[in-house]
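> below: sequence and its predicted model.
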Amino acid sequence: MDYSFPKSQRLKSAKRISHIYRKGQKVKQSSLLLFYLEGESAEHKISVAVPKRKVPKAVHRNRIKRILREVYRLNKTELAATKGFDFILMYLGSDLPDQRKLEQAFIKLCEKWRNSAGV
RNA sequence: GAAACAGGCCGCCUUAUCGCUCCUAAUUUAAUAGGGGAGGAAAGUCCGGACAAUAUAGAGUACCGUGCUCUUUGAAAGGAGAGGUGUUUCGAAAGGAAUUUUGAGAUAACAGAUAGUACCGCAGAGAAUAUAUUUCUCUUUUGUACUUAGGACAAUGUUCUAAAUGCAGAAAAGUAAAGGUGAAAAGGUGCGGUAAGAGCGCACCGCGCUAUUGGCGACAAUAGUGGCAGGGUAAACCUCACGGAUUGCAAUACCACGUAUACCGGGGCUUAAGUGUUACUCGCACGAUCCCGGAGGGUAGGUAGCUUAGAUAAAUGAUAAGGAUCCCAAUUGGGAAACAGAAUCUGGCUUAUAGGCCUGUUUUAUUU
C-alpha cells in the first residue's frame, strides 16, 4: 500500500487552481466539497482549502488542512482511476472536525465522485 | 503552613508505526542512511535599527515624532534608579474658620491657557467684553392705614391740609452680599464699614510679580511688593524647544517566456510640450524614431535577496501505548489541559494566556 504524499501529487500553480474553481465539477458530502477536473498528467493532483471567513484563526485553519491532507493520504485508493485528475478539497464547516468522522464522509464523497465522473 | 502584592522562569514528556519539509553523503534515477524543523508572545503593526531602491543641488513650506529634573544602560527607540511638582486616599497636629504642616500610600501625554481662534450638553439670571422678569437698599412718586399738629362745619362726630411711620404698587438707580443651578459662578475665612453692599479697609490664608539665598537641576525657602488682573479644555486647532530625506523584501537584481515602432484622438519639432528629482513651491538635471490620452494585446515562471526552521496554494502532522499534572469517584475507572502558528533579520512597546515552579516584602496560624 502506498501512503506517501510527495510534492508531485500536489496542485501548486495558482493559474491552474483558479481555472478549476471556474470550470471544474463539484461533489458535496456533509461538510466536504470536492472540485475536480481532468488533469494533464497521469497522476492525481490535489490541494486543500479552508475559507478564512468560516475559520478566522490561523491555528485552526492549519490544523484542519493537516487533517484533510492526512485523510486523503490514508484513503488515496478510493480515488483510483485510469486517468489523472486535479482536485480541490474544501472544508465548509466552522468547527474543528473529528478525524474519524471526516474519513467516513470522505469515503462516501469518493463513491459519489465515482458515479458522477463515470470512472 | 496559608493569603495578598511585586519580580523572574516553565508552559507536558518518552517510545513505536505511517507521512511532510530542508541539508549532507554515497549509490544511482527512485529509493537509502544521518542530521535540523514554531512562540513567549511567532499576534497587533505602535515606535527604532540593519538592508535595498530613489536622490546626492539645495532652500522654504507642509508633515511626523518626542515633551518635569538628574544619573545610568543602549546604536536608536526604549528601560532602570533617585528626586521635584500637581491631584488624590487614610492617619496625626495647629486654627473660630478658610487653610496650613506632617507621616504612609496611590496616580499624572507632567512644556505653554497674560500670542490668537474654537468649544463648554442639561440645569441656571448669567459659562467669559459677566449678569436679572428673584431677594436686598437709597431716592422720587401713587394709593391706603394709623398717629400728631393746624383749620372748617350741621360738633364727644365728619371733613380738609401738612409731617412722621407701616403696608401695597410704579419709575430711575445702587449692589453681586443672600437663596438657587451646575463638574466649574470672577480669590477664601473673620472683623470693620455701608442705605444695602463690595479688597472699600484691616488681620490671617491663598495667588501673581521682583529680589536674595540654597540646590548640578526640576524647584524650594525668605524678604519686599500688588488689592487680585487672568474659569476649564492643548488626548481641540495652535505656540515653543529638540529631532526626523522618502518609500519599503509585493524593496531590489538577474534569467526565462512573450508582445505592437499596430490603430484612433491630441500636443510638439528648438521663442520648449513634457519627464525625473521628497507631498507642494522654487531651483536643478534631462529633453526629439518625442510626449499625453483612449481602446486593445502580452507576461505575471524561476533564481538570488532568505537565514545551522526557511517554505512559496506555503513543511513542522496523524495514530497507538506508557508516564507525570489537575478534577470527579476514592478499589478498577472516567474526564480535562490555556493564549496561540514563522514568511528578510533584529531591539523595544502593547495586547491574549489554563496550570505549575522559584525569590522577596507584608499580614496571619501552628510548633519549639
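That came in fine, so what should we check first?
> contacting residues around A:Gln99?
Going by CB atoms under 8 Å, 6 or more residues apart in numbering, A:Gln99 touches A:Ile67, A:Glu70, A:Val71. For the C-beta atoms, the positions are set from N, CA and C on the backbone; glycine is no exception.
> need the per-residue pLDDT for it.
Note on A:Gln99: pLDDT of 74.
> so how far is A:Leu109 from it?
15 Å (CB to CB, to the nearest Å).
> before we move on, what about A:Arg53?
From A:Arg53 to A:Leu109 the distance is 22 Å (CB to CB).
> who has more neighbours, those two?
Neighbours of A:Arg53 and A:Leu109, each counted by other CB atoms under 10 Å, are more numerous for A:Leu109; the result is 21 against 7.
> using CSV, write out every CA atom in the helix or strand hosting that one.
Per DSSP states H and E: A:Leu109 is located in helix A:99-117. Output in CSV follows, covering the C-alpha atoms of helix A:99-117 (Å, rounded to 0.1, in the frame of the first residue of the first chain):
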residue,chain,number,x,y,z
GLN,A,99,-10.8,12.8,12.1
ARG,A,100,-12.7,9.5,12.1
LYS,A,101,-16.0,11.1,11.1
LEU,A,102,-14.2,13.0,8.4
GLU,A,103,-12.7,9.8,7.0
GLN,A,104,-16.2,8.2,6.7
ALA,A,105,-17.5,11.4,5.0
PHE,A,106,-14.6,11.3,2.6
ILE,A,107,-15.2,7.7,1.6
LYS,A,108,-18.9,8.5,0.9
LEU,A,109,-17.7,11.5,-1.1
CYS,A,110,-15.5,9.3,-3.2
GLU,A,111,-18.4,7.0,-4.0
LYS,A,112,-20.4,9.9,-5.3
TRP,A,113,-17.5,11.1,-7.3
ARG,A,114,-17.1,7.7,-9.0
ASN,A,115,-20.7,7.7,-10.0
SER,A,116,-20.8,11.3,-11.3
ALA,A,117,-17.4,11.2,-13.1
